[in-house]
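Asks: the sequence and its predicted three-dimensional model are supplied below.
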Amino acid sequence: MSTPVHDDPLSRERSHLAASRSALRAMREDVESLDITDVTANWVNAAVLEAQIEQRIKALADLSETPLFFGRLDYLHAPGAEQAEGGEGERFYVGRRHVHDADGDPMVIDWRAPVSQPFYRASKKDPQDVSLRRRFGYTAGDLTAYEDEHLLDPAEAATTSRLLQEEIERPRVGPMRDIVATIQPEQDEIVRAGLAGSVCVQGGPGTGKTAVGLHRVAYLLYAHRERLARTGTLVIGPNRSFLHYIEQVLPALGELTVRQATVDDLVAHVEVRGTDEAATAVIKGDARMAEVLRRALYSHVVPPTEGVVVVRGSRRWRVPVYELEEIVRELLARDIRYGAAREALPQRIAHAVLVQMERAGEAPDDRVQNAVARNAAVKALVKSVWPQVDPARLVLRLLADADFLAEHAEGILTGDEQKAVLWVKPARSVKSAKWSPADAVLIDEATDLVERTHSLGHVVLDEAQDLSPMQYRAVGRRCTTGSATVLGDLAQGTTPWATRSWAEALGHLGKGEAVVEELTAGFRVPTDVIAYASRLLPHIAPGLTPVASIRENPGFFDIRTAADAGTADVLSACRELLEREGSVGLIAADARVPELAAALAAAGIGHVGPGEETTHATRLTLVPASLAKGLEYDYVVLDEPRAVVDGEPDERTGLRRLYVALTRAVSGLIVTHGTGLPPQLA
Ligand SMILES: Nc1ncnc2c1ncn2[C@@H]1O[C@H](COP(=O)(O)OP(=O)(O)OP(=O)(O)O)[C@@H](O)[C@H]1O
């Protein structure tokens, strides 16, 4: 007897998957076979088009490990034609990208399309016209399970989805991956917030801030593709290893054009070779420095002391000093940059000359005005009244010349503060100066005073709590005409200038109107571990809501007292965790890393640094506590919590660093210590 193979729902869904994959293949072949020889006028166009085609082919790749669709929605009624992304059916498969058949009918709908939204938001309370929501389970790329919710059936009990739970509990390996299949309703609201407004998300460790920020970019690129292609998008993260950790997420969602950078990258006007004492960096990062810079820059504008005489042919035209003063005053009052005003000044003077010419009965045209503006006398006047200023040289002088600084910081910085920012050994030139990261930000501010910084369409700022006010300003001027998504956790602020409140930070960013949302459901850290780490909250960020872990797997948590502060117990903890599936991170105070690296090598345990690819043979990452932020590992060994705290300039920062280190583990954490635990963990 033969069994019918296509009759059960799972088989039907599998055939839809197979059909969708061949439809995708056909779409790709269509693009691959495009012949552009006849449609491009020149080789530049051809090159651009070819690059676009190549991107499109890449975007249409069928990746065996990323299923084409992960959900299905059965609508009760066909959604409005304007919502249907070209389809008129009432059943939609939701996936990472749009796939259509030969007739152009949708086989899979992009998760970002409006008709997909109820997949994330519909509930029994608000079914949004969805009668059935189906989630699919995959094993090694094969569709092996599904799970249904009948949203309109009052008899069906609301349950938590097994597939969702499994996805959340899945062991972590390698870099971050997308969460499209399991975005939660409160996350989805942030992901799909409009492009016009800015959003700020406060959320404890593992609440999905980074994930939400990246999916938000993908969503915005879908919903406002043309506009953002013109204006650009940018994701800002704290350091290289973090950016490396997240760099696969957007390409996996088909978005290949988003720039990712650190704040230091954005302000790289000079080579940074120096560092500042914490107290100095705090002052250099203070928003008051913006006013000092503004004053110092505009001190270069000096009122004219005599009129200018322009000789043309046999005639001499004089613009009297009071009229020049008026022009300068008017330019100073206008909301334009120093450089733009400097360019406008000769034209204004020329205009004044032209008015005189007209009064004298001449009929000068634009060419005459330009010629007057370029006249040597006018040029000389502009040079003395409104000289060109090099932003880096301006900052150099402020940091090197006590009198110059005193003159412009008067009433803004105290005498002690001025002393703190002055170089002990003043640099002679921009090239030879040992610029610090904070100096580079000052130069960026000065650069923007001279010439307006280009604004992007949208900027995502991750780990935002660590920025100084001057750094917020640097990010803010890159989205003056666009919007921002600001992600952070006040409890994880570990810089001496870390943000105290989001209202303050958003003010410096120039996005005071942004709404602040809070995420409190934790997807990473197991309950016991997050409860333990949260003991630190009253000491590091009183008033913040502790994260509530939604992981069912209780995880594995052990605190081990070592015989001494050596490395033997750390090594055995690493060995033990390497027996298990998933990634392993050994987190330690920066100062202990060399000793631990040597011990691991001596014991024959291979390891890599954060941001380096692990391999099957080398699954351990040795992470200095200062680089742990934003990262996660399936299992973590945390070495000497006390040393982590002591590694920071003050106790609160130390405890915050410890909070970060304690909250990196997904499935298990072993804390080893030979010197006792910080009393705040007791
Ligand atoms: N809805 C979700 N479904 C499945 N996994 C999720 C979901 N939201 C977040 N995660 C996972 O939880 C982990 C933590 O997310 P993420 O790194 O974005 O948190 P975070 O708030 O930025 O943490 P931190 O404050 O430590 O930087 C990641 O592995 C992420 O993929």
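Replies: That came through, no problem.
Asks: what helix or strand is Arg318 on?
Replies: Using DSSP states H and E, Arg318 sits within strand 315-319.
Asks: show me what that strand packs onto, helices and strands only.
Replies: strand 308-312, helix 338-359 (3 or more CB pairs under 8 Å, 6 or more residues apart in numbering; DSSP states H and E). C-beta here means a position set from N, CA and C on the backbone, and glycine is covered the same way.
Asks: can you pull out the strands in the stretch 351-500 of the chain?
Replies: Ranges of strands within the stretch 351-500 of the chain are 458-461, 483-488, based on DSSP state E, counting those that start in this stretch.
Asks: between those, which gets nearest to the ligand?
Replies: strand 483-488 (6.6 Å; CB to the nearest ligand atom).
Asks: include mean pLDDT when you put the strands of the stretch 351-500 of the chain into TSV, please.
Replies: Shown next, in TSV, are the strands of the stretch 351-500 of the chain (pLDDT from 0 to 100):
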stretch	mean pLDDT
strand 458-461	98
strand 483-488	97
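Asks: quick revisit: would you mark the buried spots in the strand holding Arg318?
Replies: Using 16 or more other CB atoms under 10 Å as the test for burial, strand 315-319 gives Trp317, Val319.
Asks: now swap in stretch 610-630 and tell me
Replies: By 16+ other CB under 10 Å, the buried positions in stretch 610-630 come out as 610-611, 614, 619-630.
Asks: any residue of it touching the ligand?
Replies: Yes. Against the ligand, stretch 610-630 shows contacts by CB under 6 Å from any ligand atom at Gly630.
Asks: note down every partner strand of the strand holding Arg318 and its orientation.
Replies: strand 308-312 (antiparallel) (DSSP bridges).
Asks: and of the buried residues of stretch 610-630, the nearest to the ligand?
Replies: Gly630 (4.2 Å).
Asks: can you tell me the closest non-neighbouring residue to the closest one?
Replies: Nearest residue to Gly630, sequence neighbours excluded (CB to CB, 6 or more residues apart in numbering): Phe242, at 4.6 Å.
Asks: the one you found in helix, strand or coil?
Replies: Here Phe242 is recorded as helix under DSSP: H, G, I helix; E, B strand; the rest coil.
Asks: list the contacts of the residue nearest to Thr480 when sequence neighbours are not counted.
Replies: Residue nearest to Thr480 in three dimensions, not counting chain neighbours: Ser455, with 4.5 Å by CB to CB, 6+ apart. Under the criterion of CB atoms under 8 Å, 6 or more residues apart in numbering, the neighbours of Ser455 are Thr231, Arg477, Arg478, Cys479, Thr480, Thr481, Gly482.
Asks: how far off centre is the lowest-mean-pLDDT helix or strand in the chain?
Replies: Lowest by mean pLDDT, DSSP states H and E among the helices and strands of the chain is helix 43-59, with a mean of 73. Here the centre of helix 43-59 is set off from its chain's centre by 27 Å, with CA atoms, centre = their mean, to the nearest Å.
Asks: and if you look at stretch 162-175?
Replies: 24 Å.
Asks: that older thread, list of residues touching the strand holding Arg318?
Replies: Gly307, Val308, Val309, Val310, Val311, Ile349, Ala352, Val353, Gln356, Met357, Val372.
Asks: show the contacting residues for the residue of the stretch 351-500 of the chain found nearest the ligand.
Replies: At 5.0 Å from the ligand, Asp489 is the closest residue in the stretch 351-500 of the chain, using CB to the nearest ligand atom. Asp489 is in contact with Gln202, Gly203, Gly204, Pro205, Lys209, Gln465, Leu544, counting by CB under 8 Å, 6+ apart.
Asks: and the closest residue to Leu578 other than its chain neighbours, what's its pLDDT?
Replies: Counting by CB to CB, 6+ apart, Leu578 lies nearest to Val584, which is 5.6 Å off, once chain neighbours are set aside. With respect to pLDDT, Val584 scores 95.
Asks: next one: Val584 from Val636, what distance?
Replies: Val584 is 7 Å from Val636, where distance means CB to CB, to the nearest Å.
Asks: neighbour count for the two, which is higher?
Replies: Val636 (30 against 25; other CB atoms under 10 Å).
Asks: all strands for the stretch 101-250 of the chain, in order.
Replies: 106-110, 130-139, 142-150, 199-203, 233-236.
Asks: quick one: contacts for the closest residue to the ligand within the stretch 451-600 of the chain?
Replies: The minimum distance from the stretch 451-600 of the chain to the ligand, using CB to the nearest ligand atom, falls at Phe523 (3.3 Å). With contacts taken as CB under 8 Å, 6+ apart, Phe523 has the following neighbours: Ile168, Gly206, Thr207, Gly208, Ile550, Arg551.
Asks: which one of those residues is nearest Ser116?
Replies: Nearest to Ser116 among the contacts of Phe523, counting by CB to CB, is Gly208 at 18.8 Å.
Asks: need the pLDDT of that closest one.
Replies: 95.
Asks: which ones are touching it?
Replies: By CB under 8 Å, 6+ apart, the contact list for Gly208 reads Ile179, Gln184, Gln187, Leu519, Ala521, Phe523.
Asks: what about those residues, which are in helices?
Replies: The members of those that map onto helices under DSSP state H are Gln187.
Asks: can you put the contacts of Gly208 in a markdown table and add pLDDT and distance to Arg112?
Replies: Formatted as a markdown table, the contacts of Gly208 follow (pLDDT from 0 to 100; distance: CB to CB, whole Å):
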| residue | pLDDT | distance to Arg112 |
| --- | --- | --- |
| Ile179 | 91 | 13 |
| Gln184 | 93 | 16 |
| Gln187 | 96 | 14 |
| Leu519 | 96 | 20 |
| Ala521 | 94 | 22 |
| Phe523 | 92 | 21 |
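Asks: most neighbours of all the contacts of Gly208, which one?
Replies: Gln187 leads the contacts of Gly208 on contacts (other CB under 10 Å) with 25 neighbours.
Asks: picking up where we left off before, for the ligand, which of the strands of the stretch 101-250 of the chain is the nearest?
Replies: strand 199-203 (4.9 Å).
Asks: for stretch 285-293, buried residues please.
Replies: Gly285, Asp286, Met289, Ala290, Val292, Leu293.
Asks: neighbouring contacts of that stretch?
Replies: Counting by CB under 8 Å, 6+ apart, 283, 394-395, 398, 405, 408-409, 412-413, 438, 441-442, 445-446, 449, 468-471, 473, 497, 508 sit against stretch 285-293.
Asks: cool, and stretch 91-98?
Replies: By CB under 8 Å, 6+ apart, the list of residues contacting stretch 91-98 reads 16, 20, 59-60, 66-75, 85, 106-111, 113, 115-116, 119, 178, 180, 252-254.
Asks: also stretch 424-442?
Replies: Residues contacting stretch 424-442 (CB under 8 Å, 6+ apart): 263-264, 267-276, 280-281, 284-285, 289, 293, 390, 392-393, 395-396, 398-401, 443, 468, 470-471, 474.
Asks: how about a cut-off of 7 Å?
Replies: 264, 267-276, 281, 284-285, 289, 293, 392-393, 395-396, 400, 470-471, 474 (CB atoms under 7 Å, 6 or more residues apart in numbering).
Asks: next one: it to chain centre, how far?
Replies: 27 Å.
Asks: quick check: buried residues in it?
Replies: For stretch 424-442, by 16+ other CB under 10 Å, it's Ala427, Val430, Ala433, Trp435, Ser436, Pro437, Ala438, Asp439, Ala440, Val441, Leu442.
Asks: can I get these in JSON lines with distance to Arg135?
Replies: JSON lines is the format used below for the buried residues of stretch 424-442 (distance: CB to CB, whole Å):
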{"residue": "Ala427", "distance to Arg135": "61"}
{"residue": "Val430", "distance to Arg135": "58"}
{"residue": "Ala433", "distance to Arg135": "58"}
{"residue": "Trp435", "distance to Arg135": "53"}
{"residue": "Ser436", "distance to Arg135": "51"}
{"residue": "Pro437", "distance to Arg135": "46"}
{"residue": "Ala438", "distance to Arg135": "49"}
{"residue": "Asp439", "distance to Arg135": "52"}
{"residue": "Ala440", "distance to Arg135": "48"}
{"residue": "Val441", "distance to Arg135": "46"}
{"residue": "Leu442", "distance to Arg135": "52"}
